[in-house]
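Undergrad: Kindly return the folded structure for what I paste below:
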Amino acid sequence: MPQNCIYLQCSEELFEKNSSIAEYEIIENLKTDHKNIQNIITMHNTTNQMSRRHFLATTGAIAGTALLNPLSDIKAKTTGISAPTGKKLRIALVGTGGRGTSMWGRDILKSYPDYLEFVGLCDKNEGRVETGKRIIGTSCPTYTDFEKMMNETKPDVLIVTTMDSTHHQFIIRGMELGADIITEKPMTTDEKKIQAILDAEKRTGKTCRVTFNYRYSPHRAKIWELLRAGEIGDITSVDFHWYLDTSHGADYFRRWHRLVECSGSLWVHKASHHFDLLNWWIDSDPESVYALGALNHYGKNGTIRAENCRTCPHTDKCKFFFDITKNKNYMELYVVNEKYDGYLRDGCVFKKDVNIFDKMAATIKYKNGVQVAYSLTTYSPYEGYRIAFNGTKGRLEAWIQESKPTSDANYDEIVLFKNFNKRQYIQIPFGTSGHGGGDALLKDQIFLPNIDDPFQQCANTRDGALACLVGIAARNSIASGQPVKIADLTSIQPQEKKLYKRIL
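TA: All right, here's what the predicted structure looks like:
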């Protein structure tokens, strides 16, 4: 359910004239039935001295438009993935790791029991699939043979949460065996696999939805609204810099993600999130990419190393020591089941086999002429991102802090600068589910009936492909030292105006 959105707004110019002015509080309540939106505008006189940043401008265009609510009327007319009339959606899941068993297992079964049921779980690790079954709380059969599961259970929908480099296998075969697909991002890891997925979708007539949950968080939806409303005019350039901290960032170097052959590198596994946001916000397709990257911190750069943290003789010296024994879920899912496949969830971040970059930068040109400067750092003391959109009429920027925030605020803030005018501060209350509040809204749109898509957040294979292709082009650019054209990678030809196709 979308959270109520609260915005406090005031004119900065008026503040400068009188620091004890009336404070305008605009409260938008989304009714629980999502059919009506009630705008309540109240005025509170205050005599307190207030800082400029406490006030939120403006008394102008934004205050009088639907822009106030980034999630307004999200429950409306159309339908998500649906089962035959009067029946529950039959779900099969392949990949019973952490994401599969939680977000796409236990959580959806708990949230949508009247709409779906699990008919099969599959994982190559026979111990982990049984553990996953217990975590999810289902009584459905388990399999280590994917073909057998599909043939015996005949699901309506297959959810794919396996290792990134194997996504294409299950997406393609799942469609061939009659299922629509819900896949975790990235859709896959190289251009040949992307083309194979696109061809299979066309050949089978089935659909594949890529779960870009970042699109659904309230503050990102708000940015989309402001840009679509032309608040800064035509977008001309974007500065986008993402920081992963020494906890989350390091974790990619412990796991299979550290190998480019498994994850496609963080250009694909992680940055496809960011590139999808750019594609969605800019409303155009990426045309070319030039990139740089290096491995400067993890892997071979360490002075101490071991196979994994539990067996490491340097635990008292290593700031990256991860005691997996303190995580009950990881112990049950991974450690207990190491005997089946040897996979170590607490691998050493300084293993010499690490072959992905830990710092990356790219210049991306869009078909509509927008230029983007992007970077990703994986060993920052804090986590979050800074983004700024430059336009013909102004600038929109945000500094989103996802860990170790510098204040105790319970909101994200967007700053809108109008040329020849005062700046405007817009506060977006934090969402209550994962990924900035996006997870719950994404799943609602997929599994509940009568959900509209007013913000064009539903992502199909074209969206999934283009998000991956920016990262793949960046990889190829680093290898060649030359810019790479997106049109040279697959049959997708970049368009000046982003194509939108809702998956029903």
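Undergrad: Can you name the next helix or strand after the longest helix anywhere in the chain?
TA: The helix spanning the most residues in the chain, taking DSSP state H as the definition, is helix 461-480. Of the helices and strands lying after helix 461-480 in sequence (DSSP states H and E), the nearest is strand 484-485.
Undergrad: so where's this structure shaky on pLDDT?
TA: Of all residues in the chain, those with pLDDT under 70 make up the ranges 1-85, 404-407, 431-436, 504.
Undergrad: How about stretch 307-322, which residues are buried there?
TA: Residues of stretch 307-322 classed as buried under the neighbour-count rule (16 or more other CB atoms under 10 Å) are N308, C309, R310, C312, H314, C318, F320, F322. Bear in mind the C-beta positions are built from the backbone N, C-alpha and C, glycine included.
Undergrad: contacting residues around it?
TA: Contacts with stretch 307-322, where a contact means CB atoms under 8 Å, 6 or more residues apart in numbering, come from 246, 250-251, 254, 304-306, 323-325, 344, 346-351.
Undergrad: all strands of the stretch 301-450 of the chain, in order?
TA: Ranges of strands in the stretch 301-450 of the chain, per DSSP state E, counting those that start in this stretch, are 359-366, 371-380, 383-391, 394-403, 411-418, 423-429.
Undergrad: Specify the angle between the last one and strand 394-403 in degrees.
TA: For strand 423-429 against strand 394-403, the angle by axes from the mean of the first three to the mean of the last three CA atoms, to 10 degrees is 40 degrees.
Undergrad: Going forward, the N-terminal residue is numbered 16.
TA: In the new numbering, first residue 16, that becomes strand 438-444.
Undergrad: Alpha carbons of stretch 428-445, in CSV - could you do that?
TA: In CSV, the C-alpha atoms belonging to stretch 428-445 read as follows (Å, rounded to 0.1, in the frame of the first residue of the first chain):
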residue,chain,number,x,y,z
GLU,A,428,14.9,15.6,-0.2
ILE,A,429,14.8,16.9,-3.7
VAL,A,430,16.0,20.4,-4.6
LEU,A,431,14.5,22.2,-7.6
PHE,A,432,16.3,25.2,-8.9
LYS,A,433,14.4,27.4,-11.4
ASN,A,434,16.5,29.7,-13.6
PHE,A,435,16.1,33.3,-12.4
ASN,A,436,14.0,32.1,-9.4
LYS,A,437,14.3,30.7,-5.9
ARG,A,438,15.2,27.2,-5.1
GLN,A,439,12.5,24.8,-3.9
TYR,A,440,12.9,22.0,-1.3
ILE,A,441,10.7,19.0,-1.6
GLN,A,442,10.6,16.3,1.1
ILE,A,443,9.5,12.8,0.4
PRO,A,444,8.8,10.6,3.5
PHE,A,445,10.7,7.3,3.5
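Undergrad: Just want the most central residue of this protein.
TA: Y229 (3.4 Å; CA atoms, centre = their mean).
Undergrad: is it true that that one touches G452?
TA: No. With contacts defined as CB atoms under 8 Å, Y229 does not count as touching G452, sitting 10.4 Å away.
Undergrad: follow-up on the earlier one: figure out which of the strands of the stretch 316-465 of the chain is closest to R490.
TA: Each of the strands of the stretch 316-465 of the chain was scored for nearness to R490 using CB to CB, and the closest is strand 374-381 (9.6 Å).
Undergrad: That closest one - contacts with which helices or strands?
TA: For strand 374-381, the elements it packs on are helix 286-297, strand 301-309, strand 386-395, helix 476-495, judged by 3 or more CB pairs under 8 Å, 6 or more residues apart in numbering; DSSP states H and E.
Undergrad: now the residue nearest to Q416 when sequence neighbours are not counted: how far from G264?
TA: With CB to CB, 6 or more residues apart in numbering as the criterion, Q416 has its nearest non-adjacent residue at 4.3 Å, and that residue is G399. Note on G399: its distance to G264, by CB to CB, to the nearest Å, is 12 Å.
Undergrad: Which one of those two is surrounded by more residues?
TA: Using other CB atoms under 10 Å, the more surrounded residue of G399 and G264 is G264, with 22 against 19.
Undergrad: tell me the SS of that one?
TA: Classification of G264 using DSSP: H, G, I helix; E, B strand; the rest coil returns helix.
Undergrad: Would you mind measuring from it to R320?
TA: Counting by CB to CB, the gap from G264 to R320 is 18 Å.
Undergrad: what do you get for G496?
TA: Here the distance between G496 and R320 works out to 31 Å (CB to CB).
Undergrad: cool, and E428?
TA: Here the criterion is CB to CB. By it, E428 lies 41 Å from R320.
Undergrad: more neighbours, the two?
TA: When E428 and R320 are compared for neighbours, E428 comes out ahead with 18 against 15, by other CB under 10 Å.
Undergrad: From what I see, the more buried one and F445 are in contact.
TA: No. Assessed by CB under 8 Å, E428 is found out of contact with F445, at 11.3 Å.
Undergrad: Let me see the contact set for D478.
TA: V225, F227, D291, N294, W295.
Undergrad: Just put these in CSV and tack on neighbour count.
TA: What follows is these, written out as CSV (neighbours: other CB atoms under 10 Å):
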residue, neighbour count
V225, 28
F227, 27
D291, 23
N294, 24
W295, 24
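Undergrad: thinking again about what came up before, can you tell me who the residue nearest to Q416 pairs with across the strands?
TA: Applying DSSP bridges to G399 yields these beta-bridge partners: Y258, Q416.
Undergrad: quick check: domain ranges of this protein?
TA: Domain assignment for the chain, taken from automatic domain parsing, gives 20-83, 314-356.
Undergrad: tell me which element L241 is part of?
TA: helix 233-243.
Undergrad: and the nearest residue to V364 once chain neighbours are set aside, how many neighbours does it have?
TA: Nearest in space to V364, with sequence neighbours left out and distances taken as CB to CB, 6+ apart, is F268 at 4.1 Å. A count of nearby residues for F268, using other CB under 10 Å, gives 25.
Undergrad: same check, this time on A494
TA: Other residues within reach of A494 by the criterion other CB under 10 Å amount to 11.
Undergrad: cool, and T407?
TA: Per other CB under 10 Å, the neighbour tally for T407 reads 11.
Undergrad: likewise E199?
TA: Per other CB under 10 Å, the neighbour tally for E199 reads 20.
Undergrad: so it sits right up against H182, yeah?
TA: Yes. Contact between E199 and H182 holds when scored by CB under 8 Å: they sit 7.5 Å apart.
Undergrad: Can you work out which residues contact both of the two?
TA: Residues touching both E199 and H182 by CB under 8 Å, 6+ apart: V175.
Undergrad: Quick one: residues contacting the residue nearest to V364.
TA: Shown in contact with F268 (CB under 8 Å, 6+ apart): Y313, G314, G362, V364, K366, V369, I371, D373, T393.
Undergrad: Pipe those residues into TSV and attach neighbour count and distance to I174 per row.
TA: Listed next are these as TSV, based on neighbours: other CB atoms under 10 Å; distance: CB to CB, whole Å:
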residue	neighbour count	distance to I174
Y313	24	31
G314	21	32
G362	21	26
V364	28	30
K366	20	31
V369	24	29
I371	27	26
D373	25	30
T393	26	28
